[in-house]
Structure formats: structure tokens, C-alpha cells
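**Q** One predicted model, sequence on top.
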Amino acid sequence: MKPTPIRIGSRGSQLALWQANHISYALRDAGYQTEIEIIRTTGDRMQQPGFVPPPGLDGKGIFIKEIEEALEDGRIDLAVHSLKDLPTQLEPQFEIAAIPKRADPRDVLVCEQFWALHTLPDNATVGTTSPRRRAQLLALRPDLNFVDVRGNIDTRLKKFADGKCDALVLAAAGLDRLNRAEWVHQRFDPTEVCPAPGQGALALETRSGSTERDQYIRQSISFFNHPHTRFSVEAERSVLDVLGGGCQLPVGVLCQPTSEGYKMYSQVVAPDGDTMIQLEAESTHSADPIEFGQRVAAHLKERGALDLLAATAN
Ligand SMILES: NCc1[nH]cc(CCC(=O)O)c1CC(=O)O
């Protein structure tokens, strides 16, 4: 008997749907039938005007709760996420069964007419809500001001085009995927603006169970796995895990393959950009990614990372 189609769950945003379709087409090319189910999450509702947060909402995993419920109920078999939006620890009934090859992990500046960060006018206004990006930009340009620019990528580009800010910082991967790369004026080096752990990578989340269906799904997506990407993002997430963070912490980490092994770039920044701890480290091919991340996190701690992060919480 032919197995039923692989049901893929996705948020309804442009970028999420691009990512789900990207996985869906590759599965079809490999001979599987697929369906996509759009799932509305708390995080999506939060972006609507007039949203009232329910009691107890802590901001962690707001883009995945409803999707994991659908996975657990068997309404979907597979969830496609931006890896950087996933918490570092999943509940035991779920797992990241495949991590495909990563896209460009860098952050970029959209700044039509001003060319680059260094040529923005004095006291220019940058549209970003991310505490990490704000702190990193202040470290480079203490005169900058910020405005909240939320919503999907086209909404942000429209607010920028309407003059709500002089520049935007976004992930390269999102703009590249949606064919908006012509908006990019500068791709930041990881020693300038170090990206969020996992940025540019996708995570294919499944049930971790041992039913025939669960095993069949994990088997059918295993060809997506890209070992260099998995090593890199596991190392990056291990740093974040030790520092106790989610996407709200001003921590940037990027691990990249080199000819000898892997190189990790990291930054922990005070919210006002005044102090920045910056560290680079290398490992061999045969190293354990979790241990590599723990070693980097230990060095960051020795240099005072936890004090900086404690200042962020207040
Ligand atoms: N936090 C939202 C989010 N989640 C993933 C991406 C971009 C795609 C990626 O990093 O894989 C974005 C937008 C952005 O940060 O500009």
C-alpha cells in the first residue's frame, strides 16, 4: 500500500511558506507525495494590531507551540522552521530529524542611498527590534537610533521605503529566499555583526516516536541532512544553551567549516554597545560540536559574559 502524503506544517508568512515549499518540492522530486498545512501561531497573532498577550506568555517558542501540537496530534508529520526561531531544547517527543545545507548566515544592511553602515548620516534611525542587532550596531555606531519595525519581510521593506527609518537590518537568508537581494547594500562580516545562532539554516522537526509512521517520516527526510551545517548549528546552539539564552539575548555566534575543521565567531554585547566580548575559536573535524560550543561559552564566561547578560535582564 502506498503511504499517505507527507503532511508539512508551516506558518503562513511569506518566508515560512517559501521554506515549506522548498522542502515540499525536494520531497516530490524524490518521489514522495506532500501536502502543506498552514498553522497560525501565537507569534503570528502578536504581529497583528490590537493583540492582547495571554497571561503567562514568556516569549519563548511563540512561533512553534501550535505547530508542535499539530505534530503531536498527527495532523502533520513534519514541521519546517527557521532554526534560529527554535528553542535550544525541544520536548522529548520531538526531534530535529534533518538539517539541510545552510543559506547565507549573515545579517545585512538595507540602506538605499546611504551605501553602508559607516556612511549613514549622524544619528540615523535603524529599524530593528532585535536586542542583539541593536547592541551590535551601537558598538559600531554609538550615535544610532532605533525604531520598532515588525512584520514580515515585505512589510519591513515597505516601512523602510516609506521613510520610517534610514536603514534596516535583516537576515540575508530571508531576503535571498524571497528574491529581495537587490535591497541588500552590505553583508556584515561576523566580526562586525555576528549573526544569531542557527541563522540561515532550516530545521525539519518530526515526532521522535517509534511508530512505523514516525520512522518512515524520519527516513524519508534523511537525505536533506548536511553534516557541516549540523555540526555548525549544534556548536552555535550549545554556546547559547550554556549562556542560558533565546533569541532575545545579545549573543551572536557563527561556526563555519574551514579546511582544517571549524571556526567559531562569537560576540556578547552590553545592551548599549559600550562593552563587547568578542572571541574566535577553532576545532578539528573530529571534535564534538556540543563540547566545542561549551568550550567557547566557558571562555566567554571567563571574560565576563554572564555579567553583561545579567545587565541585559534588568
Ligand atoms: N526572527 C525572524 C526570522 N526568522 C528567520 C529569519 C530569516 C531566515 C533565517 O535566518 O533562516 C527571520 C527574519 C530576520 O531575522 O531577518
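**A** Good, I have the coordinates.

**Q** The most centrally placed residue in the chain: what's its closest spatial neighbour, skipping adjacent residues?
**A** Centroid-nearest residue in the chain: K84, 2.3 Å away (criterion: C-alpha atoms, centre = their mean). Closest residue to K84 apart from its sequence neighbours, by C-beta to C-beta, 6 or more residues apart in numbering: G198 at 4.0 Å. Quick note: C-beta positions are derived from backbone N, CA and C, even for glycine.

**Q** List the residues that contact that neighbour.
**A** S82, L83, K84, L86, V233, E236, R237 (C-beta atoms under 8 Å, 6 or more residues apart in numbering).

**Q** if we look at the ligand, which of those residues are close to it?
**A** Among the contacts of G198, proximity to the ligand is found for S82, K84 (C-beta under 6 Å from any ligand atom).

**Q** Which pLDDT value belongs to L249?
**A** Predicted confidence (pLDDT) for L249: 79.

**Q** tell me which element the nearest residue to it once chain neighbours are set aside falls in.
**A** Nearest residue to L249, sequence neighbours excluded (C-beta to C-beta, 6+ apart): L309, at 6.2 Å. Here L309 is covered by helix 305-313, with elements defined by DSSP states H and E.

**Q** any idea how far P3 is from D85?
**A** Applying C-beta to C-beta, to the nearest Å, the value for D85 to P3 is 29 Å.

**Q** same thing with L138?
**A** Using C-beta to C-beta, L138 is found at 53 Å from P3.

**Q** quick one: which of these two has more around it?
**A** L138 (22 against 13; other C-beta atoms under 10 Å).

**Q** check contacts around that one.
**A** L144, V269, D272, G273, D274.

**Q** which among those gets closest to the ligand?
**A** The nearest member of these to the ligand, counting by C-beta to the nearest ligand atom, is V269 at 16.8 Å.

**Q** doesn't P250 make contact with that closest one?
**A** Yes. Between V269 and P250 there is a contact at 4.6 Å, judged by C-beta atoms under 8 Å.

**Q** and for those two, which residues touch both?
**A** Overlap of the contact sets of V269 and P250 (by C-beta under 8 Å, 6+ apart) consists of R132, A135, Q136, L308.

**Q** State the number of residues packed around the first one.
**A** Number of residues near R132 (other C-beta under 10 Å) recorded here: 26.

**Q** That one against P197, yeah?
**A** No. R132 lies out of contact with P197 (C-beta under 8 Å); the separation is 10.1 Å.

**Q** which neighbours do those two share?
**A** Common neighbours of R132 and P197 (C-beta under 8 Å, 6+ apart) are V251.

**Q** other SSEs contacting the helix holding L309?
**A** When contacts are defined as 3 or more C-beta pairs under 8 Å, 6 or more residues apart in numbering; DSSP states H and E, helix 305-313 packs onto helix 227-243, strand 261-269.

**Q** neighbouring contacts of the helix or strand following the longest one?
**A** Okay, so that is helix 227-243. Toward the C-terminal end, the helix or strand that comes next after helix 227-243 (DSSP H and E) is strand 251-257. Here strand 251-257 makes contact (C-beta under 8 Å, 6+ apart) with 105, 132, 136, 190, 193-197, 199, 228, 231-233, 235-236, 239-240, 243, 245, 262-269, 289, 292-293, 296, 305, 309.

**Q** Tell me which residues touch the nearest residue to T206 once chain neighbours are set aside, please.
**A** Excluding the flanking residues, the one nearest T206 by C-beta to C-beta, 6+ apart is A97, at 4.3 Å. If you count contacts by C-beta under 8 Å, 6+ apart, A97 has them with L204, E205, T206, I217, R218, I221, S222.

**Q** let's go with 7 Å and repeat that
**A** By C-beta atoms under 7 Å, 6 or more residues apart in numbering, A97 lies in contact with L204, T206, R218, I221.

**Q** Could I get the pLDDT score of the third one?
**A** In this case it means R218. Here, the pLDDT recorded for R218 equals 98.

**Q** any idea how far it is from the ligand?
**A** 22 Å (C-beta to the nearest ligand atom, to the nearest Å).

**Q** tell me which element that residue is part of?
**A** helix 212-221.

**Q** Tell me the pLDDT of P55.
**A** So, for P55, pLDDT stands at 66.

**Q** correction: P49
**A** Looking at P49, the pLDDT reads 73.

**Q** count of neighbours near it?
**A** Neighbour count for P49, taken as other C-beta under 10 Å: 4.

**Q** in the sheet, who's paired with the residue of the stretch 1-150 of the chain at minimum distance from the ligand?
**A** The ligand sits closest to S82 of the stretch 1-150 of the chain, with a gap of 3.4 Å, by C-beta to the nearest ligand atom. Taking DSSP bridges, one finds L202 as the beta-bridge partners of S82.

**Q** Over to C255?
**A** Listed beta-bridge partners, C255: M264 (assigned using DSSP bridges).
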